[in-house]
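**Student:** the following block contains a protein sequence and its predicted model.
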Amino acid sequence: MRYWLMKTEPSTFGVDDLERAKRGTTSWDGVRNYQARNMLRDEMKRGDQAFLYYSSCDVPGIVATVKVVKEGYPDPSAFDRKDHHYDPDSDPAKPRWFMVDVQLERRLARVITLDELRKHAAKELKNMVLLRKGNRLSITPVQAAEWKFILSLE
DNA sequence: GCCAACGTTGGC
DNA sequence: GCCAACGTTGGC
């Protein structure tokens, strides 16, 4: 089993939305980056866990954990002309973009902020992909030891 | 294949 | 709103 971190902007989709969703489950659609696509399509497996991370907001940080309940399958929003993430170059017969379904596991007792994560960037979290300079990937792998350590901060 | 121009992300 | 650090596009 592996661990991940998935970014979302709370103004677009937050943990409240996930909580309200049927069975606390949502399709993680709209990812349009090849590296992230490869992880969605090939690497994320049913039962994997992920941190839900808020970006582009007042207090960036981890707010919840989710688990993968459905493995990579074609993202239909790529074929929807009216969708913001529509990709005219993606052929339905040979889909370019993929998504997984995730289910809310639990909201953390408190937000573990980016600021706080950075305080451990020299030691426990020195290899954490999220903290690497210039990182913009919306999905990043998390090591088991990092997962455990971060939850211990909670 | 190179690389300049452009677009996006995301912290600040 | 600024801007660093990307990724993508397209002319050559």
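**Tutor:** Right, received. Where do you want to start? Numbering: from 1, shown residues only, chains lettered A, B, ... in the order given.

**Student:** pLDDT averaged over the longest strand that chain A contains - what is it?
**Tutor:** Longest strand of chain A, by residue count under DSSP state E: strand A:98-113. Mean per-residue pLDDT for strand A:98-113: 97.

**Student:** list the buried ones in it?
**Tutor:** For strand A:98-113, the neighbour count (16 or more other Cβ atoms under 10 Å) marks A:98-102, A:104, A:108, A:111-113 as buried. Using the backbone N, CA and C atoms, a C-beta is placed for each residue, glycine as well.

**Student:** now do stretch A:4-12
**Tutor:** For stretch A:4-12, by 16+ other Cβ under 10 Å, it's A:4-8, A:10.

**Student:** repeat that for stretch A:30-38.
**Tutor:** A:30-32, A:36-37.

**Student:** surely A:Val66 touches A:Gln49?
**Tutor:** Yes: A:Val66 lies in contact with A:Gln49 (Cβ atoms under 8 Å); the separation is 7.2 Å.

**Student:** those two: who's more crowded?
**Tutor:** The residue with more neighbours, out of A:Val66 and A:Gln49, is A:Val66; 25 against 17, by other Cβ atoms under 10 Å.

**Student:** perfect, I'm done here.
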